[in-house]
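*Asks:* I would like the atomic coordinates for the input below:
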Amino acid sequence: MAGFPIFIDLAKGEPLVVGAGTLALAKVRLLSKKAPRVAVAAEALSPELAALAATGAVTKRAAHPHASDIAGSPLV
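*Replies:* Predicted coordinates for the structure are as follows:
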């Protein structure tokens, strides 16, 4: 099996995506279908992620998250 199916309650907190490249953007777009807001840990947001942040769909976090930064995130 190439995939790993997983079920996560995204209503309990913001999932956290680390990075701001094309793969991170794809993950954010996918997670945004079910999560009201997605946190992104990155030095800077790409223009596409910045546009999502302007709508409130993305929250920017520190580029190098510590354990306390990811506490409560249902998925990292």
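
*Asks:* name the helix or strand of the protein that has the lowest mean pLDDT.
*Replies:* helix 67-70 (a mean of 82; mean pLDDT, DSSP states H and E).

*Asks:* list the buried ones in it?
*Replies:* I70 (16 or more other C-beta atoms under 10 Å). (Each C-beta comes from the backbone N, C-alpha and C, glycine too.)

*Asks:* just how off-centre is it within its chain?
*Replies:* 14 Å (C-alpha atoms, centre = their mean, to the nearest Å).

*Asks:* repeat that for stretch 64-76.
*Replies:* Relative to the chain's own centre, stretch 64-76 is displaced by 11 Å; criterion: C-alpha atoms, centre = their mean.

*Asks:* other residues contacting that stretch?
*Replies:* Residues outside stretch 64-76 that contact it (C-beta atoms under 8 Å, 6 or more residues apart in numbering) are 8-10, 12-16, 18, 31, 39, 41, 61-62.

*Asks:* can you rerun that using 6 Å?
*Replies:* For stretch 64-76, contacts defined as C-beta atoms under 6 Å, 6 or more residues apart in numbering pick out 8, 10, 12-13, 15-16, 41.

*Asks:* check stretch 37-51 too.
*Replies:* 14-20, 25, 28, 31-32, 53, 58-61, 63, 65.

*Asks:* out of those residues, list just those in helices.
*Replies:* 25, 28, 31-32, 53 (DSSP state H).

*Asks:* which one of the residues you listed sits in the busiest neighbourhood?
*Replies:* V28 (25 neighbours; other C-beta atoms under 10 Å).

*Asks:* what pLDDT does it get?
*Replies:* Looking at V28, its pLDDT reads 95.
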